[in-house]
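# Here is my input; please provide its structure:
(chains A and B)
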2 protein chains.
Amino acid sequence: MNKVIKLKNRPVGAPQNSDFEFTKEDTPSPKDGELLLEARYVSVDPYLRGRMMDQKSYIEPFKLNEPITSGIVAEVIESKNENFKKGDFVNGMLAWKEQQTSNGEGLNKVDADKAPLSAYLGVLGLTGLTAYFGLTKLGLPKEGDTLVVSGAAGAVGTIVGQIGKIHGCKVVGIAGNDEKVEMLKSKFGYDAAINYNTTEDMTSAIAEVAPDGVNVFFDNVGGTIFDAVLANIARNARVVLCGAIADYNKTETPSGPRVNTTLIKNSVSMSGFTLRDFQSDFQEGIQKLAGWLSEGKLEYEETIVEGFDNIPQAFLDLFEGKNKGKMVVKI
Amino acid sequence: MNKVIKLKNRPVGAPQNSDFEFTKEDTPSPKDGELLLEARYVSVDPYLRGRMMDQKSYIEPFKLNEPITSGIVAEVIESKNENFKKGDFVNGMLAWKEQQTSNGEGLNKVDADKAPLSAYLGVLGLTGLTAYFGLTKLGLPKEGDTLVVSGAAGAVGTIVGQIGKIHGCKVVGIAGNDEKVEMLKSKFGYDAAINYNTTEDMTSAIAEVAPDGVNVFFDNVGGTIFDAVLANIARNARVVLCGAIADYNKTETPSGPRVNTTLIKNSVSMSGFTLRDFQSDFQEGIQKLAGWLSEGKLEYEETIVEGFDNIPQAFLDLFEGKNKGKMVVKI
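From the prediction side, this is the model:
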């Protein structure tokens, strides 16, 4: 029998284990033209929270009582498709199932010799691409700019900071504990990092490390951390809105200081994006990231949870900031 | 004696007549290289409110007990500068004085035969340029886009809508009374217009006239009108933040719904700007506007108040929406 995880309830507020249902189905077998895949690494990401709600968005909401899908690296264990052979590893948006069939559409082969399989869900996958396109195409970092990254110790943030350094920025990270702050500076080359949980006045703390203002702000968090950075925004700055994890579990539309006058007075642009905006440039992104990785310019960090049954909990832990770098589940 | 209007107090909340001081000084006389100017038309604009506060901004705050400055068309009544002669008309940032001297720096000659003098403060001046650059460089209007303009019946809004039509947009205006709504449709070619003072549910009203969402939002107002338009924003939309007159007189930072998640989910960019961002392209802008004006593609509306002593009141009336189109004071 094959294990499957379905969406049982649409979460209200913070998602809970009871929103997920563990079921079993007959082990599938591939028809002509199909593959049988076995999941090796499953990606859990904050954006999945949005798909659990029944609302118009850039991507279809998950259906109730259907398997959840996310980025997964799987091994081909049987192939009736000439483009793939047994033993290949592939990466794609797949269901939370131990095994599943596929016609091969939307799957990319990945090379286990070039990088660890889990890296294709992180630095060489959607996470790395999100960091690369968001920062370079919208943040437009220039030599000498001060770049502030919130959620800096997360999957995207750890990559953004390093790409910022490659572009000659002074990079400041915001994270939730001292261990993460230390990691940002020692492992990822951040020039400064701030623990928002132990800093009383974030606005002043940012002013101290960014005395000439913040030229590029890559925001994964939203909420009051966003407010504190915006209070230090420089003239002609670019704010890249990648995520707002502080708001995702709010049951009512969150309120905060209006930003309009700040953006006008300082001629600041603020751009929300999702990765699919850059779909046609994915090859460029992957090449850049793989190049930097092989040149040793890009470090990455993973939090690897083991076991299929722990996928939902790993997802829930994202909202507690329990991950350093990319959170993946090894099956 | 020469009348002068100075800033007496920095306004707290809504500016009042008592924030201005009327004084007299000796009539100035020009030295070698200087001109004597007599004000003909004085521009009053919402952005002056910002300069009355003592805060860091893109432009120096006004000094207390010094004359206020704004866009003024003046006549050269005496010239000791070879670049100007008696009878020339010039446009520039000048003081609220009946007469004043100038060394000619920053002044542009204007041609009274090509357009009425007041037009150089409006459609052919900073107002027209603000509309042109904000919409074309940041709003990026495309054929078939739905463009919504708030403060549509104001100086900038009346021009923005028409430039939107020139670019093939469906144009929707938001204004504060039925007369303005009627004017937008009959005189300025707006496809639809909404009176926010008599419309209970602005979000639904906008949804009705923009069923496929708002592709470009040119915002002069901020506040709850901004919220209602943003609730209807289309994927990949551009929000141009030109002004936030609803917020200018607030004594505390105004609060409102956070926009981050909306911008992310819909890949929306939101850009604040001030005209000086486009200073190097002013000639391009003036030529475009003058071209459209002479081709009959651009109408404009003015509210002309008479009398030097009425300059402060004309400024105050902007915040009550008493102007249709550009508010100018004829001296």
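
# does any bit of the helix or strand hosting A:Thr158 sit next to chain B?
A:Thr158 is part of helix A:155-166, with elements assigned from DSSP states H and E. No. On the criterion C-beta under 8 Å from any C-beta of the partner chain, helix A:155-166 is out of touch with chain B, staying 12.6 Å away. Every residue, glycine included, has its C-beta placed from N, CA and C.

# outside of that helix, which residues touch it?
Under the contact criterion C-beta atoms under 8 Å, 6 or more residues apart in numbering or on different chains, helix A:155-166 has outside partners A:45, A:122-123, A:127-128, A:130-132, A:134-136, A:141, A:147, A:149-152, A:171, A:173, A:175, A:184, A:188-190, A:216, A:218, A:220, A:242-243, A:289, A:292, A:297-301, A:323, A:325-327.

# how much distance is there from it to the middle of the chain?
12 Å (C-alpha atoms, centre = their mean, to the nearest Å).

# I'd like the average pLDDT over that helix.
Mean pLDDT, computed over helix A:155-166, is 96.

# ok, back up a step: keep only the contacts of helix A:155-166 that also lie close to chain B.
Among these, chain B is touched by A:242-243 when using C-beta under 8 Å from any C-beta.

# In helices, which of the contacts of helix A:155-166 appear?
Judged by DSSP state H, helices contain the following of the contacts of helix A:155-166: A:127-128, A:130-132, A:184, A:289, A:292.

# quick one: which of the residues you listed is most hemmed in?
A:Ala131 (32 neighbours; other C-beta atoms under 10 Å in any protein chain shown).

# which residues sit in contact with that residue?
The contact partners of A:Ala131, by C-beta under 8 Å, 6+ apart, come to A:156-157, A:159-160, A:163.

# can I get those residues in CSV with distance to A:Pro30 and neighbour count?
What follows is the contacts of A:Ala131, written out as CSV (distance: C-beta to C-beta, whole Å; neighbours: other C-beta atoms under 10 Å in any protein chain shown):
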residue, distance to A:Pro30, neighbour count
A:Val156, 35, 28
A:Gly157, 39, 29
A:Ile159, 35, 30
A:Val160, 39, 33
A:Ile163, 40, 25
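
# Tabulate those residues (JSON lines), appending distance to A:Leu275.
Conversion of the contacts of A:Ala131 to JSON lines gives the following (distance: C-beta to C-beta, whole Å):
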{"residue": "A:Val156", "distance to A:Leu275": "10"}
{"residue": "A:Gly157", "distance to A:Leu275": "15"}
{"residue": "A:Ile159", "distance to A:Leu275": "13"}
{"residue": "A:Val160", "distance to A:Leu275": "13"}
{"residue": "A:Ile163", "distance to A:Leu275": "15"}
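
# Just the closest of these to B:Thr261, please.
The shortest gap between B:Thr261 and any of the contacts of A:Ala131 belongs to A:Val156, at 16.4 Å (C-beta to C-beta).

# how far away is the nearest residue to A:Asn9 once chain neighbours are set aside from A:Ala39?
Once flanking residues are discounted, A:Asn9 sits nearest to A:Asp19: 4.6 Å by C-beta to C-beta, 6 or more residues apart in numbering or on different chains. Using C-beta to C-beta, to the nearest Å, A:Asp19 is found at 20 Å from A:Ala39.

# higher neighbour count, those two?
The neighbour count for A:Asp19 versus A:Ala39, taken as other C-beta under 10 Å, is higher for A:Ala39 (22 against 18).

# May I ask which helix or strand encompasses the more buried one?
Per DSSP H and E, A:Ala39 falls inside strand A:35-43.

# strand partners of that strand, parallel vs antiparallel please.
Here strand A:35-43 is paired, per DSSP bridges, with strand A:69-79 (antiparallel), strand A:99-102 (antiparallel), strand A:326-330 (antiparallel).

# Relative to B:Ala74, which of these is closest?
Nearest of the strands paired with strand A:35-43 (C-beta to C-beta): strand A:326-330, 64.3 Å.
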